[in-house]
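Visitor: I'll drop the sequence and a predicted model, then ask my questions.
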Amino acid sequence: MKKKLLSLVLAGAMVASTSVSAFADTTISSYEEEANKANVTISGSVDDDDGNQASGTISVTVPTALKFQVDNKGNFTGSDITITNKGLDKVDIFAHEFRDDTPESGIVVKTKRDLQASPDAKRSEVALWIQGANGDRAYFKSETADGNNNGIYNESGANVSGGIKVSSIDRNSSDVLTLNGVAGQGKLGDTAEAINESFILKLRVVKSTSK
């Protein structure tokens, strides 16, 4: 039995700022005395006597991998991750960007509407979405390199450039983000091999404006 496996990598593991989408690295590749300088900002906080963090500090733990599998019957199996808010402030989690480095080959991610409009879709064509207990569904799409969209879509099939809030997590609480999906039912072909492909989903963590 041939099966297809995909790993979904999430950017943003542990953060300590009011807003973050990914960690940036500024590197000076050459050095000549006094010629190259770089400023490094150091942020610090001191807990109170009871061990509480300073208000305004975000401390969120995000597992870095999700998987889904489509078997040779077209059955889809997803997975989930638990995001833990260790800070003192409520945070919102946004699906900010979805990236497929080979959007026209391998496993092709379509919006749910596009997949439903293709009755002859192969099992390598899938619709994916992620959602927490306190958020909206964010759908993904493989975008071509010349496009300007971020790969994040709502249920009606419209691109949402600012991302979609998939979860809100109170302080010292957790939420489960579940990856769901459906696959086309058409065969890959008599000589087609099983497919293994990776994608990147970027999550943005911000201090919540709601109570």
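Guide: Now that the structure is in, tell me what you want to look at. Owing to the predicted nature of the structure, the values given are computational and were not obtained by experimental measurement.

Visitor: middle-most residue in this structure, spatially?
Guide: Leu201 (2.8 Å; C-alpha atoms, centre = their mean).

Visitor: For the chain, which helix or strand comes out least confident on mean pLDDT?
Guide: Scoring the helices and strands of the chain by mean pLDDT, DSSP states H and E places strand 19-20 at the bottom, with a mean of 35.

Visitor: Just checking: what are the partner strands of the following helix or strand past it?
Guide: Per DSSP states H and E, the first helix or strand lying C-terminal to strand 19-20 is strand 60-61. Here strand 60-61 is paired, per DSSP bridges, with strand 14-15 (antiparallel), strand 79-85 (antiparallel).

Visitor: lowest-confidence stretch among these?
Guide: Note on the strands paired with strand 60-61: strand 14-15 shows the lowest mean pLDDT, a mean of 37.

Visitor: Show me the shaky parts of this structure.
Guide: 1-45, 52-56, 190-191, 211 (pLDDT under 70).

Visitor: quick one, helices of it?
Guide: Applying DSSP state H to the chain gives helices spanning 112-116.

Visitor: which residue packs closest to Asp100, ignoring adjacent ones?
Guide: Ser142 (3.9 Å; C-beta to C-beta, 6 or more residues apart in numbering). Quick note: C-beta positions are derived from backbone N, CA and C, even for glycine.
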